[in-house]
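Q: sequence and predicted model, in that order:
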Amino acid sequence: MGFPTAVTRASTAWAALNAIWNVWKLLKKRPPEVELQKTPYRPPQWKPSAQTSIIEAGGTVHVFDAIMKTDHTTALRITEHPVQNGANIADHSFVLPERVILEIGMSDVMDSYQPDRWKEYSTKSISAFQKLKELQYKRQPVIVETRLNFYENMVIENIHTPDDYKTIEGLRCSVTFKQIISAQVKVVKVSTRPQTSGQSKKGVKQPKPITPELGSALSEMGL
């Protein structure tokens, strides 16, 4: 009975020592060298020319990291006039200003679509948000270029920016652009000759002859 017990104890001790040795080897083993990426990550989907961009009046182009959604709205308003009997009549229609809504996404942990951009503030997301507010407050018309259409004279009507734990390292906002339609006044020239009151010749004043009736009236007045 004593010999099997000794063998069992020796086997248990050997297994314990072997487990300790394996753990020690794992702790002493050097991890593989990790090659750090020298440049920020750029998605392979990014192409040289962006489908959606905002262009300022001076020619500055703004391209965001991602456009999750683009909503185009065009509308035509038909005028209606009530009549005494029957349905309203419609005799005119006009085009309403166009609207474009962009859902913009920015990431602070990746490269910019345009190199060396969005560095005015501490992060890309803050820089992009402040730029949108600047364009809105200046009421500056911009050009909105999308895949489907090219919009001119657009101003930022609304910026909706929810901020929670999902956007702690980025930005996601919805920007509404509305088109400004300016009226054009056409000056019609009636005469081909330039004429102004200050330059017109007044002519020579001729004395009015005194008639008998006027003479008698002046005599009664003592003149």
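A: Right, received. Where do you want to start? Numbering: from 1, shown residues only.

Q: helix or strand for L135, which one?
A: In this structure, L135 sits in helix 124-137 according to DSSP states H and E.

Q: which elements pack onto that helix?
A: The contact analysis (3 or more C-beta pairs under 8 Å, 6 or more residues apart in numbering; DSSP states H and E) places helix 124-137 against strand 99-107, strand 150-160, strand 170-179. Yep, even glycine has a C-beta here, placed from its N, CA and C like the rest.

Q: among those, which is nearest P48?
A: Among the helices and strands packed on helix 124-137, strand 150-160 comes nearest to P48, with 18.7 Å by C-beta to C-beta.

Q: how far off centre is the closest one?
A: On the basis of C-alpha atoms, centre = their mean, to the nearest Å, strand 150-160 sits 5 Å off its chain's mean C-alpha point.

Q: repeat for stretch 146-162
A: The chain centroid and the centroid of stretch 146-162 are separated by 4 Å under C-alpha atoms, centre = their mean.

Q: swap in stretch 120-136?
A: Taking C-alpha atoms, centre = their mean, the mean C-alpha location of stretch 120-136 is offset from the chain mean by 12 Å.

Q: one more: stretch 100-110?
A: Worked out by C-alpha atoms, centre = their mean, stretch 100-110 lies 11 Å from the chain centre.

Q: and that stretch, what's buried?
A: Residues of stretch 100-110 classed as buried by neighbour count (16 or more other C-beta atoms under 10 Å): 100-108.

Q: which residues does it contact?
A: 40-43, 52, 64-73, 118, 123-125, 128, 132, 144, 146, 151, 154, 169-177 (C-beta atoms under 8 Å, 6 or more residues apart in numbering).

Q: average pLDDT for that stretch?
A: Taken as a whole, stretch 100-110 carries a mean pLDDT of 93.

Q: low-scoring stretches of the chain, by residue?
A: Residue ranges of the chain with pLDDT under 70: 1-7, 28-38, 184-185, 187-223.

Q: ok, which stretches of it are strands?
A: For the chain, the strands defined by DSSP state E cover 53-55, 61-62, 66-73, 76-78, 93-95, 99-107, 142-145, 150-160, 170-179.

Q: just the CA coordinates for the longest one, please, in PDB.
A: Listed next in PDB are the C-alpha coordinates belonging to strand 150-160 (Å, rounded to 0.1, in the frame of the first residue of the first chain):
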ATOM      1  CA  PHE A 150     -25.200  70.600 -58.500                       C
ATOM      2  CA  TYR A 151     -26.900  73.300 -56.300                       C
ATOM      3  CA  GLU A 152     -25.900  77.000 -56.300                       C
ATOM      4  CA  ASN A 153     -26.800  79.800 -53.900                       C
ATOM      5  CA  MET A 154     -27.400  77.500 -51.000                       C
ATOM      6  CA  VAL A 155     -27.400  78.600 -47.300                       C
ATOM      7  CA  ILE A 156     -27.400  76.500 -44.200                       C
ATOM      8  CA  GLU A 157     -30.900  76.700 -42.700                       C
ATOM      9  CA  ASN A 158     -30.500  74.200 -39.900                       C
ATOM     10  CA  ILE A 159     -27.800  72.100 -38.200                       C
ATOM     11  CA  HIS A 160     -29.000  69.200 -36.000                       C
END
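
Q: that's all I had, so thanks and see you.
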